[in-house]
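Q: I would like the atomic coordinates for the input below:
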Amino acid sequence: MGRIIVCRHGNTFDKGDVVTRVGGRTDLPLSTSGKAQAEALAKHFAGTHFAAAYCSALKRTRATAEAILGASADAPALEVLPFLTEVDYGPDENVPEDDVVARIGEAALKAWEEDSLPPDGWVVDIEGIRSGWRTLLADAAARPDADILLVVTSNGVARFLPDVVDERLEGLEPKLKTGAWGEITCGSRNVITVWNKRPV
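A: Take a look at the predicted model:
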């Protein structure tokens, strides 16, 4: 029975920047505050021995994962898993949030934020993402008790993880904040024990 630590990458915008909806086709680096969030995660997990580590090919997830692994002397090689790449926001990709709301409406955005229902035009392979999570959960469940897997991804992918576990925290909201993490205990039952927690 292993564990998975899943983190969302740090910020890609700083205060005063025009915030856009950054999807899988927009490969932004971490912003100054995002680098600080990655370092906070690194400090929090310093000394944790990760048996394996995964991220997407996007700069923001790779940089966050590398910061976390950099705090361990015996870190594993970082592996890229394509399913961890952020979703494609279609016509709203890299568009300012106000313009996104103007196109899809508040109700559609709320349905995505609260229920993970993609608005028209967004390209979200929900079953493919869920399948990727199930594979990782099965991998972790088959490992020795001490094994911990690190996964760094984006909001559009992380939000589908709670769909495929056996038990999750009451009142859990699917969105994982930037620089936040969750923990899943994997075995005969896969249980989310921590979700949406930022280092203090």
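Q: secondary structure class for K43?
A: helix (DSSP: H, G, I helix; E, B strand; the rest coil).
Q: Now do the contacts for it.
A: A71, P199 (C-beta atoms under 8 Å, 6 or more residues apart in numbering). For the C-beta atoms, the positions are set from N, CA and C on the backbone; glycine is no exception.
Q: and P82, how far is that from A73?
A: 29 Å (C-beta to C-beta, to the nearest Å).
Q: who has more neighbours, those two?
A: Per other C-beta atoms under 10 Å, whichever of P82 and A73 has more neighbours is P82, with 10 against 7.
Q: Quick check, pLDDT for that one.
A: Reported pLDDT at P82 in the predicted model: 97.
Q: Looking at the protein, which helix is longest?
A: helix 126-141 (DSSP state H).
Q: Name the residues of that helix that are buried.
A: I129, G132, W133, L136, L137, D139, A140, A141 (16 or more other C-beta atoms under 10 Å).
Q: starting at the chain centroid, how far to that helix?
A: 13 Å (C-alpha atoms, centre = their mean, to the nearest Å).
Q: tell me which strands and helices it is in contact with?
A: With contacts defined as 3 or more C-beta pairs under 8 Å, 6 or more residues apart in numbering; DSSP states H and E, helix 126-141 has these neighbours: strand 3-8, strand 148-153.
Q: how about a cut-off of 10 Å?
A: Secondary-structure packing of helix 126-141 (3 or more C-beta pairs under 10 Å, 6 or more residues apart in numbering; DSSP states H and E): strand 3-8, strand 52-55, strand 148-153, helix 155-158, strand 181-185.
Q: Serialize these to CSV and add fields for mean pLDDT.
A: Formatted as CSV, those follow (pLDDT from 0 to 100):
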stretch, mean pLDDT
strand 3-8, 98
strand 52-55, 98
strand 148-153, 98
helix 155-158, 97
strand 181-185, 98
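Q: residue ranges with poor pLDDT in this protein?
A: Judged by pLDDT under 70, the chain has no weakly predicted residues.
Q: so what's T12 up against?
A: 19-20, 22, 26-31, 33-34, 58-60, 154, 178 (C-beta atoms under 10 Å, 6 or more residues apart in numbering).
Q: Of those residues, which belong to helices?
A: S33, G34, K59, R60.
Q: Of those residues, select the buried ones using a ChimeraX command.
A: Selecting only the buried entries of the ones in helices among the contacts of T12 in ChimeraX, with 16+ other C-beta under 10 Å as the criterion:
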select :33,34,60
